[in-house]
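Asker: when you get a sec, could you give me coordinates for this:
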Amino acid sequence: MHDDTGAVARIIEAVGHNIAPCPDTGNWDSEELRFEGLARIFPTAVTCDFKAREISPEGDHQLYDLKRCFETGWNAGFQGPWCLEHANPDRDALFRELTLLRDMLHQWMAEAT
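Answerer: Got it, this is the predicted structure:
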C-alpha cells in the first residue's frame, strides 16, 4: 500500500460527485498509516469493510486495534453500515467469531451514543 493517506480523499474530491469511499480497516501498512488514513476517509464514507483477521474467543485482535478503528470512524461521523469481513476455515468458529464481532460493534455503538 502506498503511504499517502490523503490519496483517496483527494480522488473523491477531484471526481466531485457519484463517488464515495469504502474504507477497509485491514488494508494499511502500519498503525500510523491505518488511523491517519481512516480519519481522512471516514467523513465521506458510505460503508466500511470492518476487517478482522485472527481473533481470540474473547475478541482480542492482535494485528491491529479493532475498537480504535471503530472509534476513528464514529468520531468522524460515520455510523455505518459496518460490513464484517472475516474468514475462518472452521465454519462453527467462523459464525462464533462473526457473532462476537457483531456484538462488539453493538456494544461500542451503545457506549458511543
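Asker: confidence score at Ala112?
Answerer: Per-residue confidence (pLDDT) for Ala112: 93.
Asker: thought it was touching Gly73?
Answerer: No - proximity of Ala112 to Gly73 does not meet the contact threshold set by C-beta atoms under 8 Å, at 10.2 Å. Every residue, glycine included, has its C-beta placed from N, CA and C.
Asker: which positions in the helix or strand bottoming out on mean pLDDT in the chain come out as buried?
Answerer: Confidence across the helices and strands of the chain bottoms out at helix 7-15, with a mean of 80, counting by mean pLDDT, DSSP states H and E. Buried residues in helix 7-15, defined by neighbour count with 16 or more other C-beta atoms under 10 Å: 8-9, 12.
Asker: what is the nearest of those to Phe95?
Answerer: Relative to Phe95, the closest of the buried residues of helix 7-15 is Val8; by C-beta to C-beta it sits at 32.2 Å.
Asker: go ahead and confirm the closest one touches Pro43.
Answerer: No - Val8 is beyond contact range of Pro43, at 11.5 Å (criterion: C-beta under 8 Å).
Asker: now do the shared contacts for these two.
Answerer: With contacts defined as C-beta atoms under 8 Å, 6 or more residues apart in numbering, no residue is shared by Val8 and Pro43.
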